[in-house]
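Colleague: Okay, sequence plus prediction incoming.
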Amino acid sequence: MITGSQIKAARALLNMDRKTLAELAGLSIPTIQRMEAAEDVVGGNVDSMMKVIDVLQQAGIELISENSPCLGSGRGVRLIQTRDDTQPSAAP
């Protein structure tokens, strides 16, 4: 599942405001605000939570659950590199 902090962190990585996330997920801004205010795992409507997760994943976010294999521990988010991200940019 996802926490409110993960939603906020994912939005920050994507430079996405609450309004945009709400529109893409087909939810209201107050719903996104309530989800982000959750101190632990987001509760409430599972369908709404899945819509948010789908939007974030389609935008390139990998949600890292607690105790998943990685260098650290705890929950988090990761921006997945696309092929375009791995190409060196041209020097000016």
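Modeller: Happy to help now that I have it. Residues are numbered from 1 along each chain as shown.

Colleague: ok, Gly44 - contacts?
Modeller: 34-35 (CB atoms under 8 Å, 6 or more residues apart in numbering). C-beta coordinates here come from the backbone N, C-alpha and C atoms, glycine included.

Colleague: A helix includes it, no?
Modeller: No. Gly44 is assigned coil when assessed by DSSP: H, G, I helix; E, B strand; the rest coil, not a helix.

Colleague: which residues of this protein fall in helices?
Modeller: Remark: helices assigned in the chain by DSSP state H are 4-14, 18-25, 29-37, 46-58, 83-86.

Colleague: which intervals of the chain have sub-threshold pLDDT?
Modeller: The model of the chain has pLDDT under 70 over residues 66-75, 79-92.

Colleague: 90 instead, please
Modeller: Flagging of the chain using pLDDT under 90 yields the residue ranges 1-3, 5, 13, 39-45, 60-92.

Colleague: Give me the most central residue, it.
Modeller: Ala10 (3.5 Å; CA atoms, centre = their mean).

Colleague: from memory it sits against Leu56, does it?
Modeller: Yes. Contact between Ala10 and Leu56 holds when scored by CB atoms under 8 Å: they sit 4.8 Å apart.

Colleague: overlap in contacts of these two?
Modeller: Common neighbours of Ala10 and Leu56 (CB under 8 Å, 6+ apart) are 63, 77.

Colleague: With respect to Val77, which of the helices of the chain lies nearest?
Modeller: Across the helices of the chain, Val77 has its closest neighbour in helix 4-14 (4.6 Å, CB to CB).

Colleague: And the closest one, what's buried?
Modeller: 4-11, 14 (16 or more other CB atoms under 10 Å).

Colleague: ok, and the closest non-adjacent residue to Lys51?
Modeller: Leaving out its chain neighbours, the residue that sits closest to Lys51 by CB to CB, 6 or more residues apart in numbering is Ala25, at 4.1 Å.

Colleague: All set, thanks.
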